[in-house]
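1. Pasting the sequence and the predicted model now:
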Amino acid sequence: MKNIIETQKNIDVITLQIPSLPENLRIIESFIDNVKEQYHISEDIYGNIIISVIECVNNAIIHGNKSNSQKNVELKLSFGDNYVKFSVKDEGKGFDYHSLPDPTNHENIEKVGGRGVFLMRHLADEVHFLEDGRQIELVFYV
């Protein structure tokens, strides 16, 4: 695990890199808990952040990097005056984020997966897909 902290023009930036193993989600949870305390994030926003970021990192591990422990997931936190932004990047091939099935449609309602991006889009204030879906930015206004 790598952890880098830097400051850019009144914006704190923290970068964390983990191998693509599902058990490393605990590291991400602890990281978010520490960020909540350090930056005094409210409980309401914290709930949206923890669900969205964990879903995003889990997707990066499983779908992006195919649970290949030789590949890493990078989580970058940028904290500005009125927002917190999480950027999650994997080493996969990307995906077509325009053509995801709607998990609320009748034919998808009982499927086990397929809700991660839906949750991110509904819980984050902004969601940006970059690098053909290999990088996702989740923005939360604080």
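-> Here it is on my side, so go on.
2. Y97: what secondary structure?
-> For Y97, the assignment made with DSSP: H, G, I helix; E, B strand; the rest coil gives coil.
3. show me the contacts for it.
-> Y97 sits next to V117, F129, G133 when contact means Cβ atoms under 8 Å, 6 or more residues apart in numbering. Just so you know, the C-beta spots here come from the backbone N, C-alpha and C atoms, and that holds for glycine as well.
4. Repeat the analysis, applying 6 Å as the threshold.
-> By Cβ atoms under 6 Å, 6 or more residues apart in numbering, the contact list for Y97 reads F129, G133.
5. got the phi/psi numbers for D125?
-> Note on D125: its backbone torsions stand at phi -70, psi -30 [degrees, to the nearest 10].
6. Give the closest residue to it in space, chain neighbours not counted.
-> Once flanking residues are discounted, D125 sits nearest to Y141: 4.9 Å by Cβ to Cβ, 6 or more residues apart in numbering.
7. Could you verify my assumption that the one you found touches Y83?
-> Yes: with contact defined as Cβ atoms under 6 Å, Y141 counts as touching Y83 (5.3 Å).
8. So for these two, which sits in the more crowded spot?
-> Taking other Cβ atoms under 10 Å, Y141 and Y83 do not tie; Y83 has more neighbours (14 against 11).
9. Point to the residue nearest the middle of this structure.
-> Nearest to the mean C-alpha position of the chain, counting by Cα atoms, centre = their mean, stands V53 at 3.3 Å.
10. Flag every buried residue along the one helix or strand that residue maps to.
-> Using DSSP states H and E, V53 sits within helix 43-59. Residues of helix 43-59 classed as buried by neighbour count (16 or more other Cβ atoms under 10 Å): 45-46, 48-59.
11. Return the list of strands paired to the helix or strand just after that helix, each annotated with direction.
-> Elements were assigned by DSSP H and E; along the chain past helix 43-59, the next helix or strand is strand 72-79. The partner list of strand 72-79 in its sheet, established with DSSP bridges, is strand 11-19 (antiparallel), strand 83-89 (antiparallel).
12. Taking their axis directions, strand 72-79 and helix 43-59 sit at what angle?
-> Inter-element angle recorded for strand 72-79 and helix 43-59: 160 degrees (by axes from the mean of the first three to the mean of the last three Cα atoms, to 10 degrees).
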